[in-house]
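Asks: Return atomic coordinates for the entry below.
(one chain, ligands or ions: 1)
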Amino acid sequence: MTPALADRLRPIEALILDVDGVLTDGTIIYSDAGQELQSFHVRDGSGLALWRRAGRKTAVISGRGGPALERRATELGLAPVFMRVKDKGQAVADAIAQLGLEPRSIAAVGDDLPDFPVFRAVGARFAVADACPEIRSAADVVLQARGGRGAVREAIEYVLKAQGTWQRWVDSY
Ligand SMILES: [Mg+2]
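Replies: Model (predicted):
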């Protein structure tokens, strides 16, 4: 990690996450029964649980939404959760107000063009490995992991390593 990146990540106290393509791999399965199925990665879950134990906050902003996301957000204590968002610029302003933090203390993880307003509003930006090229170019860090494959966990590791606490958390297990 470069010193400039470590400086940028050191103040981070909250994450703002996209869902489709970040917490999931972007696949949406439509069942014959009319349900939508999505899969979430267990290591993102354990990373977010650790993030919460570390006293950190997580907001979620999704252009879609549904019972699977609601359940996962409840399970992991993610809040606030903005679903069926048409304008992420407005949602990110609301999220920042609810988090009660300065933009420089917030990082975002995104994968696609609708995440640009979120990227512009925060202090640090992570792109998942399979993000669109424009989002990868705009990011401070392009993660090794793809969306839905541990990318959020990797972002959390980056932040806690920059803050010098990652090893302490590893040792706590
Ligand atoms: Mg997305």
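Asks: going forward, measure contacts between C-alpha atoms and count neighbours the same way
Replies: Fine.
Asks: can you give me how far the lowest-mean-pLDDT helix or strand in the chain is from the chain middle?
Replies: Within the chain, no helix or strand scores below strand 36-37, which has a mean of 90 by mean pLDDT, DSSP states H and E. Put simply, strand 36-37 sits 21 Å off its chain's centre (Cα atoms, centre = their mean, to the nearest Å).
Asks: With stretch 20-39 instead?
Replies: Averaging C-alpha positions (Cα atoms, centre = their mean) puts stretch 20-39 18 Å from its chain's average.
Asks: Endpoints of that stretch, how far apart?
Replies: 10 Å (Cα to Cα, to the nearest Å).
Asks: what's in contact with that stretch?
Replies: Residues from elsewhere that reach stretch 20-39, judged by Cα atoms under 8 Å, 6 or more residues apart in numbering: 17, 40-41, 44, 62, 68, 109-112, 128, 131, 146-149, 151-152.
Asks: So which bits of that stretch are buried?
Replies: Within stretch 20-39, the residues that count as buried by 16 or more other Cα atoms under 10 Å are 20, 21, 22, 23, 24, 25, 38, 39.
Asks: Kindly report the same for stretch 127-144.
Replies: Applying 16+ other Cα under 10 Å to stretch 127-144 flags 127, 128, 129, 130, 131, 135, 136, 139, 140, 141, 142, 143 as buried.
Asks: Any part of that stretch near the ion?
Replies: No: for stretch 127-144, no contact with the ion is found by Cα under 5 Å from the ion; the gap never falls below 8.4 Å.
Asks: now that stretch, how far from the centre of its chain.
Replies: Centre-to-centre, stretch 127-144 and its host chain are 13 Å apart (Cα atoms, centre = their mean).
Asks: I'd assumed residue 60 was in a strand, is it?
Replies: Yes: if the criterion is DSSP: H, G, I helix; E, B strand; the rest coil, then residue 60 is within a strand.
Asks: Among the contacts of stretch 20-39, name the buried ones.
Replies: 17, 40-41, 44, 62, 109-112, 128, 131, 146-149, 151-152.
Asks: For burial, what's the neighbour tally of residue 101?
Replies: For residue 101, the count of nearby residues is 15 (other Cα atoms under 10 Å).
Asks: same question, residue 13
Replies: As a measure of burial, residue 13 has 22 neighbours, counting by other Cα under 10 Å.
Asks: what does residue 91 give?
Replies: What residue 91 shows, counting by other Cα under 10 Å, is a neighbour count of 20.
Asks: Point me to the helix or strand that includes it.
Replies: Using DSSP states H and E, residue 91 maps to helix 88-99.
Asks: Could you restrict the buried residues of stretch 20-39 to the ones contacting the ion?
Replies: Among those, the ion is touched by 20, 21 when using Cα under 5 Å from the ion.
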